[in-house]
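# one predicted model, sequence on top.
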Amino acid sequence: FTDNKEIIEMGKRTMFVVIFLEIGRLSNLVVIQALRAGNDVIFPVIIAIISMLGVSVPAAYIFAIVLDFGVIGIFMGFALDELLRGTLVFIRWIKKDWQQKAKLNAITVP
C-alpha cells in the first residue's frame, strides 16, 4: 500500500521474523491441546504466564528499545517466547509426565 522503500524493507524483515513466530505458535497450539487432552492443564498455563512475562516482554523491550530494532525487535521477542514455550511443552510431551494425570482421571468401562 506504499511506495516508501524503507517501509517495504522493514515489512520484508518483519515477515521473515514472523515465520519463526508462527512456527512457535503452531507447536504451542498443537502440543498444548494434546496435553489438555491428557488432562495436563496447569503446566502449560504456568509456563505461558512465566514465559510471557519473563521472556516476551523483556526480550521485546531489549530488542526493540535497547538494541534499536524497532518493530522487528518486538516480533523477535514474541518469537523467542513462542519458541521457548513450544520447546518446553514439547519436552513435557516427550517425557510423558502428563500420562500420570491422564491415568488418574481415566473413565473405566466395566
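Sure, I can see it. Being a predicted model, the structure only gives us computed values, none of them experimental. Residues are numbered from 1 along each chain as shown.
# please, which helix or strand holds the residue lying closest to Arg85 once chain neighbours are set aside?
Spatial nearest neighbour of Arg85, excluding adjacent residues (C-beta to C-beta, 6 or more residues apart in numbering): Ser51 at 4.8 Å. Placement of C-beta: from N, CA and C, glycine included. Assigned by DSSP states H and E, Ser51 falls within helix 42-51.
# list of residues touching that helix?
For helix 42-51, contacts defined as C-beta atoms under 8 Å, 6 or more residues apart in numbering pick out Ile32, Leu35, Arg36, Asp81, Leu84, Arg85, Leu88, Val89, Arg92, Asp97, Trp98.
# rerun that using 6 Å as the cut-off
By C-beta atoms under 6 Å, 6 or more residues apart in numbering, the surrounding residues in contact with helix 42-51 are Ile32, Leu35, Asp81, Leu84, Arg85, Leu88, Val89, Arg92.
# can you count the residues close to the closest residue in space to Val55 that isn't next to it in sequence?
Spatial nearest neighbour of Val55, excluding adjacent residues (C-beta to C-beta, 6+ apart): Asp81 at 4.7 Å. Number of residues near Asp81 (other C-beta atoms under 10 Å) recorded here: 25.
# hmm, back to that, ok, now how distant is the residue nearest to Arg85 from Val57?
Distance, Ser51 to Val57, using C-beta to C-beta, to the nearest Å: 10 Å.
# average pLDDT for the helix or strand that contains Ile74?
Using DSSP H and E, Ile74 maps to helix 71-95. Mean pLDDT, helix 71-95: 93.
# show me which parts of that helix are buried, residue by residue.
By 16 or more other C-beta atoms under 10 Å, the buried positions in helix 71-95 come out as 72-86, 88-90, 92-93.
# coming back round to it: neighbour count winner among Ser51 and Val57?
Between Ser51 and Val57, counting by other C-beta under 10 Å, Ser51 is the more crowded of the two (21 against 14).
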